[in-house]
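Colleague: sequence? don't have it. structure:
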């Protein structure tokens, strides 16, 4: 039906071809090996003639041009017909010598006019001719299936860091890339490291896209598997443990009878485990010289702006005071700047809006803080400028930004002409009415009951009790206060007592995430509860604990070997489930929640007994 409609439109003259500007482009691989054959493709969006190309010495044209054409026709809802076409001319070239070559623009004639394509720059490297095994009639445009044993040089993983030496507070991008010279069919089990010592944020990578690159004098197809934004949490040398990835590679099956080769494809899939090498990152502290008092750890290159929703307002009406910080740096860790407004203004906690993206290894964007401000008295006020300090990476020095001051004219509200005494105003706090002044009190109308004449209080039992009881209460209060001060001074004891409370709070948050089906948040909260409990109970900083030394610390404090193994097993299950959730995530989360709750309860009993000893 659609084809018939198109035909009728052409017959009746209703077809319209949208005029297009002529585009003529050339494309080829950027890097090839000596002796390798590759395609040089010219693409034209209109029919052309008299195509002329020039190839520099060191490259040989083996075949071409091989023309082809693709066309598309569309009919919109109004019956308008549009069509487009793409003409391609393919040449097969061979690289004869090493070096960098420039293929000059080709020319073609369209409608009597001559058009030129773009020029191309090609790098030819020596490579390894013995390792290239081509299929008959094929060009080396992609990795080939191989029957030989695949080595680490044929396919490997590499972790590439945006920076390996940086300041505390800086962020960098860690990119996991796969390099291959064989036919890669897909991936299997993936195990990333724990990124101990870093705050992490994964960048969605999507489908792996390969490009040809020159690595150590050989041509590889390289693609990005995953990317993370890493922010170090302490200074010193931090090691990123190896990644592990299972690669599915297609290999030809050698030998076999003719019948077997006829009924089978002659190709099998081989699973090859690959892992990266450990990578070290050097983190140095920010300089102390010139550090402002209001510096809160922000590193980057920023600018600041402030604005008010309006500059004239009535008493008890709300206005919005907006502070915006733009630029690049660790914007995800940026906290609200401190503002100092007149005492006659009531300020509420800000609403934070972050528009932050990471592109090409740079984290940039804006963070906006919106404060709701309510004036309580009429008058003219000046809101002082907001100051914000950060460490500039370009100049390697601290800088302080200052916003503009703002003037606000506050008009009297409804009923504000009443005297200050006994004035009740509407408030946005929890109370409905707040009394500002009350100077006059009523005279007492009731009198004290009469006492019999001659009765005295002095030296009576009640008199002595009135002296002794306050004294005893004061002494008891001093003793209890001294005991409380002593207990607070023992920070190890305080942290040990609060460890179980902190763990229960985290597990409560994890239970809420489990109910909501948020597996990522659930596993993160369970890990935080486990590591935080051990850190508080053992009086050790969280940064000093890891999977390798936790057994030693728990064993030293009297935990049983069974509890230690169960604790480590829960940590491993959490780490694995975060990146490879199972088919029944809800049941797995419930089992893991019950397990960690039981382990913390039993560990609490064991470690408490050791502390008492």
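Modeller: Here it is on my side, so go on. Because the structure is a prediction, the values reported are computed rather than measured.
Colleague: spatially speaking, which residue is in the middle of this protein?
Modeller: A centroid search over the chain (C-alpha atoms, centre = their mean) returns residue 201, at 2.6 Å, as the residue closest to the centre.
Colleague: and it, what is it in contact with?
Modeller: With contact taken as C-beta atoms under 8 Å, 6 or more residues apart in numbering, residue 201 is in contact with 228, 229, 332, 358. In short, each C-beta sits where N, CA and C put it, glycine included.
Colleague: does it count as helix, strand or coil?
Modeller: State at residue 201, reduced to three classes by DSSP: H, G, I helix; E, B strand; the rest coil: strand.
Colleague: what do you get for residue 302?
Modeller: Under three-state DSSP, residue 302 comes out as strand.
Colleague: got the contact list for it?
Modeller: Contacts of residue 302 by C-beta under 8 Å, 6+ apart are 325, 326, 327, 328, 329, 388, 390, 401.
Colleague: Surely the first one touches residue 366?
Modeller: Think residue 325. Yes: counting by C-beta atoms under 8 Å, residue 325 touches residue 366, with 6.7 Å between them.
Colleague: More neighbours: the two, which one.
Modeller: Counting neighbours by other C-beta atoms under 10 Å for residue 325 and for residue 366 shows that residue 325 has the greater number, 23 against 16.
Colleague: That one pairs with what?
Modeller: On the basis of DSSP bridges, residue 325 takes part in beta bridges with residue 304, residue 367.
Colleague: One more: the one 4 residues further on?
Modeller: With beta bridges defined as DSSP bridges, residue 329 has these partners: residue 300.
Colleague: What's the separation between it and residue 303?
Modeller: As for residue 329, its distance to residue 303 is 11 Å (criterion: C-beta to C-beta, to the nearest Å).
Colleague: Among the contacts of residue 201, which one lies nearest to residue 40?
Modeller: Comparing those against residue 40 with C-beta to C-beta picks out residue 358 as the nearest, at 36.0 Å.
Colleague: So what's the gap between the biggest strand by length in the chain and the chain middle?
Modeller: For the chain, the strand that runs over the most residues, judged by DSSP state E, is strand 59-75. If you compare the mean C-alpha spot of strand 59-75 with that of the full chain, they lie 43 Å apart, counting by C-alpha atoms, centre = their mean, to the nearest Å.
Colleague: so what pLDDT did the residue nearest to the centre of the chain get?
Modeller: According to the model's per-residue confidence, residue 201 sits at a pLDDT of 83.
Colleague: From residue 519, how far off is it?
Modeller: For residue 201, the distance to residue 519 (C-beta to C-beta) stands at 17 Å.
Colleague: same question, residue 602
Modeller: Computed with C-beta to C-beta, the distance linking residue 602 and residue 519 is 26 Å.
Colleague: What of residue 214?
Modeller: Residue 214 sits 41 Å away from residue 519 when distances are taken as C-beta to C-beta.
Colleague: For stretch 195-211, buried residues please.
Modeller: Neighbour counts over stretch 195-211 (16 or more other C-beta atoms under 10 Å) mark 196, 197, 198, 201, 203, 210 as buried.
Colleague: Would you map the strands across the stretch 1-150 of the chain?
Modeller: For the stretch 1-150 of the chain, the strands identified by DSSP state E, counting those that start in this stretch occupy 24-27, 31-33, 37-44, 49-52, 59-75, 81-95, 99-103, 107-110, 113-116, 120-125, in order along the chain.
Colleague: tell me which strands and helices the first one is in contact with?
Modeller: Strand 24-27 is packed against strand 37-44, with contacts defined by 3 or more C-beta pairs under 8 Å, 6 or more residues apart in numbering; DSSP states H and E.
Colleague: how far out from the middle of the chain is the strand it packs on?
Modeller: The chain centre lies 40 Å from the centre of strand 37-44; the measure is C-alpha atoms, centre = their mean.
Colleague: Kindly report the same for stretch 93-101.
Modeller: 43 Å.
Colleague: Give the rounded mean pLDDT of it.
Modeller: The pLDDT scores in stretch 93-101 average 83.
Colleague: hmm, who's touching that stretch?
Modeller: Residues lying outside stretch 93-101 but in contact with it, judged by C-beta under 8 Å, 6+ apart, are 28, 32-40, 55-56, 58-62, 121-126.
Colleague: one more time with 10 Å
Modeller: 28-29, 31-40, 55-64, 103, 120-127, 139-140, 217 (C-beta atoms under 10 Å, 6 or more residues apart in numbering).
Colleague: Just put the contacts of residue 302 in JSON lines and tack on pLDDT and distance to residue 289.
Modeller: Converted to JSON lines, the contacts of residue 302 look like this (pLDDT from 0 to 100; distance: C-beta to C-beta, whole Å):
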{"residue": "325", "pLDDT": "89", "distance to residue 289": "24"}
{"residue": "326", "pLDDT": "90", "distance to residue 289": "27"}
{"residue": "327", "pLDDT": "87", "distance to residue 289": "23"}
{"residue": "328", "pLDDT": "85", "distance to residue 289": "24"}
{"residue": "329", "pLDDT": "82", "distance to residue 289": "20"}
{"residue": "388", "pLDDT": "88", "distance to residue 289": "20"}
{"residue": "390", "pLDDT": "87", "distance to residue 289": "16"}
{"residue": "401", "pLDDT": "88", "distance to residue 289": "20"}
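Colleague: Cool, thanks, talk later.
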